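Asks: Take a look and give me a structure for this.
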Amino acid sequence: MTPLQATNDQSSTPAAPESLHIAVIGAGKAGTAIARSLLESGYRVSLSASGNPARLELMIDFVTPGAEPKWTHDAVADADIVVLALPLHRLKTIDPALLAGRVVIDTMNYWPPVDGEIPAFAAGDRPSSEVVQEMFPGAAVVKTFSHTGYHHLEPDRRPAGHPERRGLAVAGEDSAAVALVSALVDRIGYDPVPVDSLAGTAFLQPGGPAFGARLTAAELRELAGATAPVA
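Replies: Numbering: from 1, shown residues only. Next comes the predicted model:
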């Protein structure tokens, strides 16, 4: 299998562990939508944002009931998976040592009007998740959730086998991390489409054919296999 080919055997997706603690960094619309989906799937979820977590408590009661507001370093301390769902320009505020040894889900996209000019991402010579992996060399970065809109994430969830079930790409260099996150994606209501290289994820980014397209797993696998890496 080449780095750009998606795994076709969905039956190989392992069952997601039921006791995972997932730390979501970022309490915006994307982060809270992901947090709700995880909570509804039975996971323990911590939520952090910039500043004192006490400020999050009231919002969490209404928007993500059941999530635990925490300082970022406390949320990550005993987390099995960390979800990065913050604006890309704020990524530099996170100490790389904090995420060392962690499975880290990259849900982010580069938006110049919001993020400003960030040379490493603006260069456009490689997918953004490769840059994120370079920023956090001790983490196992897995890209998913980034190519679907936060407003579609929850209503598009379907049980396994449903004829309208959609797919989510799950890309990364670490096969064990990709397998773990694929199981999580399956449990929350999507068919995971593993892609075994971050280099092949340009098709998931803004302007790519999968971005915002709400595709089935078969359609995503076709795009993953047809897309060439960024030069």
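Asks: Can you tell me the closest non-neighbouring residue to residue 212?
Replies: Closest residue in space to residue 212, ignoring its immediate chain neighbours: residue 149 at 5.9 Å, by CB to CB, 6 or more residues apart in numbering. C-beta: built from backbone N, CA, C; applies to glycine.
Asks: swap that for residue 130, sorry
Replies: residue 198 (4.9 Å).
Asks: Check the gap between the residue nearest to residue 212 and residue 30 for me.
Replies: 9 Å (CB to CB, to the nearest Å).
Asks: Which one's more surrounded, the two?
Replies: With neighbours defined as other CB atoms under 10 Å, residue 149 and residue 30 compare such that residue 30 has more, 24 against 13.
Asks: Is the more buried one inside a helix or a strand, and which specific one?
Replies: helix 29-40 (DSSP states H and E).
Asks: Return the list of helices and strands in contact with that helix.
Replies: strand 21-25, strand 44-48, helix 150-153, helix 175-188 (3 or more CB pairs under 8 Å, 6 or more residues apart in numbering; DSSP states H and E).
Asks: Quick one: these as JSON lines, columns for mean pLDDT, mean neighbour count and distance to residue 209 too.
Replies: JSON lines is the format used below for those (pLDDT from 0 to 100; neighbours: other CB atoms under 10 Å; distance: least, CB to CB, whole Å):
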{"stretch": "strand 21-25", "mean pLDDT": "98", "mean neighbour count": "25", "distance to residue 209": "28"}
{"stretch": "strand 44-48", "mean pLDDT": "96", "mean neighbour count": "24", "distance to residue 209": "31"}
{"stretch": "helix 150-153", "mean pLDDT": "96", "mean neighbour count": "16", "distance to residue 209": "17"}
{"stretch": "helix 175-188", "mean pLDDT": "97", "mean neighbour count": "21", "distance to residue 209": "20"}
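Asks: With distance to residue 136 as added columns, please give these in JSON lines.
Replies: Formatted as JSON lines, the helices and strands packed on helix 29-40 follow (distance: least, CB to CB, whole Å):
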{"stretch": "strand 21-25", "distance to residue 136": "12"}
{"stretch": "strand 44-48", "distance to residue 136": "16"}
{"stretch": "helix 150-153", "distance to residue 136": "23"}
{"stretch": "helix 175-188", "distance to residue 136": "13"}
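Asks: Out of these, which is closest to residue 126?
Replies: helix 175-188 (18.8 Å; CB to CB).
Asks: and the closest one with strand 21-25, angle?
Replies: 90 degrees (axes from the mean of the first three to the mean of the last three CA atoms, to 10 degrees).
Asks: So the residue lying closest to residue 165 once chain neighbours are set aside versus residue 181, what's the distance?
Replies: Using CB to CB, 6+ apart and skipping the chain neighbours, the partner closest in space to residue 165 is residue 158 (4.0 Å). Residue 158 sits 18 Å away from residue 181, going by CB to CB.
Asks: Tell me how many other residues crowd residue 207.
Replies: Residue 207: 9 neighbours (other CB under 10 Å).
Asks: what's the answer for residue 206, then?
Replies: With other CB under 10 Å as criterion, residue 206 counts 13.
Asks: For the closest residue to it other than its chain neighbours, grab phi and psi.
Replies: Leaving aside its sequence neighbours, residue 206 sits nearest to residue 109 (CB to CB, 6+ apart; 5.5 Å). Note on residue 109: its backbone torsions stand at phi -130, psi 150 [degrees, to the nearest 10].
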